[in-house]
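Peer 1: Pasted the sequence and its predicted model underneath.
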Amino acid sequence: MPEKLPPSVDTVDTTYLESLTGYNAQRAALKVIAIFLDRMAVYGFRPVDFSVISLITHNPGITSRQLCAALDILPPNLVAMIDTLERRELIVRKPHPRDGRAFGLHLTTTGKKLMRDAEITASELESHATQRLSATERKSLHRLLQKIYL
């Protein structure tokens with residue numbers, strides 16, 4: 001009697017995985033991050049670097065403690081990022097006006113120019129990554145994702 005062949009798969013069934021929020025969020029994130037890494041390489045930014053400098057851009061004088069809280073970053077991890085941004089002459093630390101122990105973080109002129117360009121690139125890459133969504137769908141997606149983590 002001939003040996004029975006094991007089953008084979010012609011079409012992969014991903015139905016169960018596609019029913020999971022985490023799976024869908026991760027797949028979407030991987031797609032967007034791949035585009036981000038490619039387009040932001042010219043600025044020397046990883047996603048977390050861009051998030052940090054973006055918050056400094058839109059919140060001049062923000063403290064390291066505030067950055068950690070806003071981005072859920074551990075202080076030791078942030079210190080190295082801040083030091084790197086400072087060495088690149090993109091930001092400067094200035095004494096905080098109300099807390100003598102803290103420093104506010106501010107963009108330099110170089111940092112402001114770089115971020116103007118980087119934010120244009122970020123907007124363009126987001127449009128590219130979500131080109132199959134309407135503007136309303138993009139806003140809905142953002143709102144729904146934020147309901148999970150905010």
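Peer 2: Looks like it arrived, so ask away.

Peer 1: Poorly predicted segments of this protein, please.
Peer 2: 1 (pLDDT under 70).

Peer 1: what about the helices in it?
Peer 2: Taking DSSP state H as the test, the helices found in the chain are 15-18, 21-40, 47-58, 64-71, 75-87, 109-129, 135-149.

Peer 1: Check which helices and strands the shortest one sits against.
Peer 2: Which is helix 15-18. In terms of contacts (3 or more C-beta pairs under 8 Å, 6 or more residues apart in numbering; DSSP states H and E), helix 15-18 is not packed against any helix or strand. Bear in mind the C-beta positions are built from the backbone N, C-alpha and C, glycine included.

Peer 1: now it, how far from the chain's geometric center?
Peer 2: Centroid separation for helix 15-18 versus its chain: 26 Å, with C-alpha atoms, centre = their mean, to the nearest Å.

Peer 1: same thing with the third one?
Peer 2: Averaged C-alpha coordinates place helix 47-58 at 8 Å from its chain's average position (C-alpha atoms, centre = their mean).

Peer 1: Likewise for the fourth one?
Peer 2: Here the centre of mass of C-alpha atoms in helix 64-71, compared against the chain's by C-alpha atoms, centre = their mean, lies 14 Å away.

Peer 1: Which residues does that helix contact?
Peer 2: Residues from elsewhere that reach helix 64-71 (C-beta atoms under 8 Å, 6 or more residues apart in numbering): 48, 51-52, 55-56, 59, 73-75, 78-79, 82, 102-103, 105.

Peer 1: what's the answer for the third one, then?
Peer 2: Under the criterion C-beta under 8 Å, 6+ apart, residues 33, 36-37, 40, 43, 45, 62, 67, 70-71, 73, 78, 81-82, 84-85, 90-91, 105-107, 111-112, 115, 118-119, 122 lie in contact with helix 47-58.

Peer 1: Buried members of those residues into PyMOL, please.
Peer 2: Selecting only the buried members of those in PyMOL, with burial defined as 16 or more other C-beta atoms under 10 Å, works like this:
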select buried, resi 36+40+43+45+62+67+73+78+81+82+85+90+91+105+106+107+111+115+118+122
